[in-house]
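*Asks:* Structural data only, the sequence is not supplied:
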């Protein structure tokens, strides 16, 4: 999880890192990559759902960060700034991949556009929600969740990933996405309802 | 509370962000509504599973691969020079302005001394073909009348001197007198004077005209006087002034 504020020591270290990056120090580049690679790669993976694409994009993010570090003014944490670049790269890559796939619609895309106020959710689930410990185990369930996250629209997906997977604060999400607080909350609610709707067949004891 | 209204509160309810009164109303609804209870359970379970997703680690050697890609893209080799370039921009800008100023100064000085002008305006002078020695003398007089100079074989001919056997005569006409000179030539040549487009000034800043005697023409006009056909007239060269039809001798 990112932090809204850094301790004086951490803040000092971050400034030194940024200064070194702005001078083009290859060692600083390596330190920056090691420091943020898991979060950047993780965000890319959750957004794209494909490890190869995620690694390629994460590498691209770090090259962009190094190229653009001269424009970093320290108005936010370096990590937040890197996350913002990652998020923008992810959205662009999703658009690109969609174009490349000629916008092939999946069956659930239709469901995504359906009324998610309750009827779609209600119709896609069985009578009872299974206990999580009785659900498909470990990696299987993780793959199912990742698959359902990947089926969300990019706008919904980014908020589920940032808030519920990465568990960032609303302030951080606001800085990363540039969205207003109210927009984030209302959109996140719709995203969660959509995700629940997609998960219903896998969670309901006699509905999957 | 209706189903739709209740469901809009689920997200805040799960996050514990509902005001106490709203929370109580929602819980009352939930206790009486199995459908909303089930939907809320589904949401809670989904979120719980999402939040339990294992932290992702970048692949092994990820940082090595990024570094190799950065090096391949030339990021490290150009980075320092780019940093230097950023700091050098004010100096470079000053240098460019300085060089431009010096250049403009040198240009102006050369222009004043006429040397640059020599470089710029070296063009072919206008060639005027004369058909007789009389005509040559008339052209020289027109040049003198226009305040110009007449040179024969590189030597200046004093104004009013008679001109005899020569093959070429240089006339230098001040641009301010060019129109008057053209009118004079037109009168001499029966309105077949100099071309409409003025020639460029020569190295001394004056217009140069070369007068050449057209010996063949002299022969032709003599032949014409003897009754020869006009079709035998010689063709003028490009840039030369055509002699008037039935030119005089």
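*Replies:* All right, it came through fine. These numbers were taken from a predicted model, which means no experiment stands behind them.
*Asks:* Angles on the backbone of whichever residue of chain A sits closest to chain B, please.
*Replies:* Relative to chain B, the nearest point of chain A is residue A:24 (2.9 Å; Cβ to the nearest Cβ). C-beta here means a position set from N, CA and C on the backbone, and glycine is covered the same way. Here is the backbone geometry of residue A:24 (degrees, to the nearest 10): phi 80, psi 30.
*Asks:* Looking at it now. What's its pLDDT?
*Replies:* Predicted confidence (pLDDT) for residue A:24: 87.
*Asks:* Test for you: state the pLDDT assigned to the residue nearest the centre of chain A.
*Replies:* Of all residues in chain A, the one closest to the mean position by Cα atoms, centre = their mean is residue A:161, 3.6 Å from it. For residue A:161, the pLDDT comes out at 95.
*Asks:* which residues of chain B fall in helices?
*Replies:* B:3-7, B:10-15, B:20-32, B:34-51, B:62-72, B:75-112, B:115-121, B:133-145, B:178-188, B:215-225 (DSSP state H).
*Asks:* packing partners for the second one?
*Replies:* The helices and strands touching helix B:10-15, judged by 3 or more Cβ pairs under 8 Å, 6 or more residues apart in numbering or on different chains; DSSP states H and E, are helix A:181-203, helix B:34-51.
*Asks:* what's the last one packed up against?
*Replies:* Which is helix B:34-51. Applying 3+ Cβ pairs under 8 Å, 6+ apart, one finds that helix B:34-51 contacts helix A:119-123, helix A:138-151, helix A:181-203, helix B:3-7, helix B:10-15, helix B:20-32.
*Asks:* With the first one instead?
*Replies:* Other helices and strands packing on helix A:181-203, by 3+ Cβ pairs under 8 Å, 6+ apart, are helix A:107-112, helix A:119-123, helix A:138-151, helix A:154-159, helix A:170-177, helix B:10-15, helix B:34-51.
*Asks:* Figure out which of those is closest to residue B:57.
*Replies:* In terms of Cβ to Cβ, the element of the helices and strands packed on helix A:181-203 nearest to residue B:57 is helix A:138-151, at 14.0 Å.
*Asks:* Now name the helix or strand holding residue A:17.
*Replies:* With secondary structure defined by DSSP states H and E, residue A:17 is part of helix A:8-22.
*Asks:* I'd like the next helix or strand past that helix.
*Replies:* As assigned by DSSP H and E, the chain's next helix or strand after helix A:8-22 is helix A:26-48.
*Asks:* If we go by neighbour counts, what in that next one is buried?
*Replies:* By 16 or more other Cβ atoms under 10 Å in any protein chain shown, the buried positions in helix A:26-48 come out as A:26, A:28-33, A:35-37, A:39-48.
*Asks:* Can you report how many residues neighbour residue B:168?
*Replies:* When neighbours are counted by other Cβ atoms under 10 Å in any protein chain shown, residue B:168 registers 12.
*Asks:* And the pLDDT at residue A:27?
*Replies:* 90.
*Asks:* Identify the residue nearest it in space, chain neighbours excluded?
*Replies:* Nearest residue to residue A:27, sequence neighbours excluded (Cβ to Cβ, 6 or more residues apart in numbering or on different chains): residue A:20, at 7.2 Å.
*Asks:* go on, residue B:51?
*Replies:* Nearest non-adjacent residue to residue B:51, counting by Cβ to Cβ, 6+ apart: residue A:164, 5.7 Å away.
*Asks:* that older thread, right, and the residue nearest to residue A:27 touches residue A:26 too?
*Replies:* No: between residue A:20 and residue A:26 there is no contact under Cβ atoms under 8 Å: 9.6 Å.
*Asks:* for the chain, what helix or strand is lowest in average pLDDT?
*Replies:* All of this is about chain A. Within chain A, confidence by mean pLDDT, DSSP states H and E is lowest for helix A:107-112 among all helices and strands, at a mean of 44.
*Asks:* You answered for a different chain; I wanted chain B.
*Replies:* Among the helical and strand segments of chain B, the one scoring lowest on mean pLDDT, DSSP H and E is helix B:115-121, with a mean of 44.
*Asks:* returning to what we had before: can you count the residues close to the residue nearest to residue B:51?
*Replies:* As a burial measure, residue A:164 scores 23 neighbours (other Cβ under 10 Å).
*Asks:* That one should be in a strand, yeah?
*Replies:* No: with DSSP: H, G, I helix; E, B strand; the rest coil as the criterion, residue A:164 is located in helix rather than a strand.
*Asks:* Identify the residue nearest the residue nearest to the centre of chain A in space, chain neighbours excluded?
*Replies:* In this structure, residue A:161 finds its nearest non-sequential neighbour in residue A:46, 4.4 Å apart by Cβ to Cβ, 6+ apart.
*Asks:* What does the pLDDT read for that neighbour?
*Replies:* pLDDT, residue A:46: 93.
*Asks:* Kindly report the same for the one 4 residues further on.
*Replies:* According to the per-residue confidence, residue A:50 scores 91 in pLDDT.
*Asks:* next one: phi and psi at it?
*Replies:* The phi/psi pair for residue A:50 (degrees, to the nearest 10) reads phi -140, psi 120.
*Asks:* Where does pLDDT dip in the chain?
*Replies:* Going with chain A. Counting by pLDDT under 70, chain A shows low-confidence ranges at A:1-8, A:102-139, A:204-208.
*Asks:* I was after chain B.
*Replies:* Within chain B, the segments meeting pLDDT under 70 span B:77-93, B:110-125, B:165-167, B:191-205, B:213-249.
*Asks:* distance of residue B:3 from chain A?
*Replies:* As defined by Cβ to the nearest Cβ, to the nearest Å, residue B:3 lies at a distance of 5 Å from chain A.
*Asks:* is it true that that residue touches residue B:36?
*Replies:* Yes: between residue B:3 and residue B:36 there is a contact at 5.8 Å, judged by Cβ under 8 Å.
*Asks:* When those two are compared, which one has more neighbours?
*Replies:* Ranked by neighbour count (other Cβ under 10 Å), residue B:3 and residue B:36 place residue B:36 first, with 24 against 16.
*Asks:* Hmm, residue A:195 and residue A:152 touching each other?
*Replies:* Yes: under the criterion of Cβ under 8 Å, residue A:152 makes contact with residue A:195 at 6.3 Å.
*Asks:* what residues do these two have in common as contacts?
*Replies:* Residues touching both residue A:152 and residue A:195 (Cβ atoms under 8 Å, 6 or more residues apart in numbering or on different chains) are residue A:160.
*Asks:* Please identify the buried residues of stretch B:32-49?
*Replies:* B:33, B:36, B:38-47, B:49.
*Asks:* Right, I'll call it a day here.
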